[in-house]
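S.K.: Predicted structure and sequence below. I'll ask about it afterward.
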Amino acid sequence: QVQLVESGGGLVQAGGSLRLSCAASVSIVNIYSMGWYRQAPGKQRELVATITDWHIGGSLNYADSVKGRFTISRDSGKSTVYLQMNSLKPEDTAIYYCNLITHSAASGDYYQNNNWGQGTQVTVSS
């Protein structure tokens, strides 16, 4: 079972920055994509940013609400993804989670992980 450990959240004033990290307990060989999601109180979990094509440079995708403010990146030598969050707004307040899709070279199949981590709380004060 995949384990995901998110860290780096905290309390920050509007306009501030935070850097989140997520480590996955899978071999880097099997990663196809990793991404960040968030869930605010009373709202559904939503996509924030993803990196796909992990091993060939990575294709980046962002939610419109974070474009130009957030940057997703990966450690090419580890099963770790980061989220640099700048110009934070109160509406960015949420629990942030990471997740991943793995790829089996043997079968050619892709697997969406369903075992979410604990997440990390981000609170932006106005």
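M.R.: Received the coordinates, thanks.
S.K.: The one residue sitting closest to the centre of the chain and I51, how far apart?
M.R.: Geometric centre of the chain, nearest residue: W36, 2.2 Å, by CA atoms, centre = their mean. Separation of W36 from I51 (CB to CB, to the nearest Å): 9 Å. (Each C-beta comes from the backbone N, C-alpha and C, glycine too.)
S.K.: Same question for Y32.
M.R.: Remark: distance between Y32 and I51 (CB to CB) = 10 Å.
S.K.: Neighbour count: the two, which is higher?
M.R.: Counted by other CB atoms under 10 Å, Y32 and I51 do not tie: I51 has more neighbours, with 22 against 17.
S.K.: where does the chain have low pLDDT?
M.R.: The model of the chain has no residue with pLDDT under 70.
S.K.: Show me where it has its strands.
M.R.: 4-7, 10-13, 18-24, 31-39, 46-52, 59-62, 70-75, 80-85, 94-103, 110-112, 120-125 (DSSP state E).
S.K.: so what's the residue nearest to R69 when sequence neighbours are not counted up against?
M.R.: Excluding its sequence neighbours, the residue lying closest to R69 (CB to CB, 6 or more residues apart in numbering) is S87, at 4.6 Å. By CB atoms under 8 Å, 6 or more residues apart in numbering, S87 lies in contact with 15, 17, 69.
S.K.: Run a quick neighbour tally on I72.
M.R.: By other CB under 10 Å, neighbour count at I72 equals 23.
S.K.: who touches it in this structure?
M.R.: Taking CB under 8 Å, 6+ apart as the test, what I72 contacts is 35-36, 48-51, 60, 62, 81-84.
S.K.: Also D109?
M.R.: Neighbour list for D109: H103 [criterion: CB under 8 Å, 6+ apart].
S.K.: Kindly recompute the last result at 7 Å.
M.R.: D109 makes contact with no residue under the criterion CB atoms under 7 Å, 6 or more residues apart in numbering.
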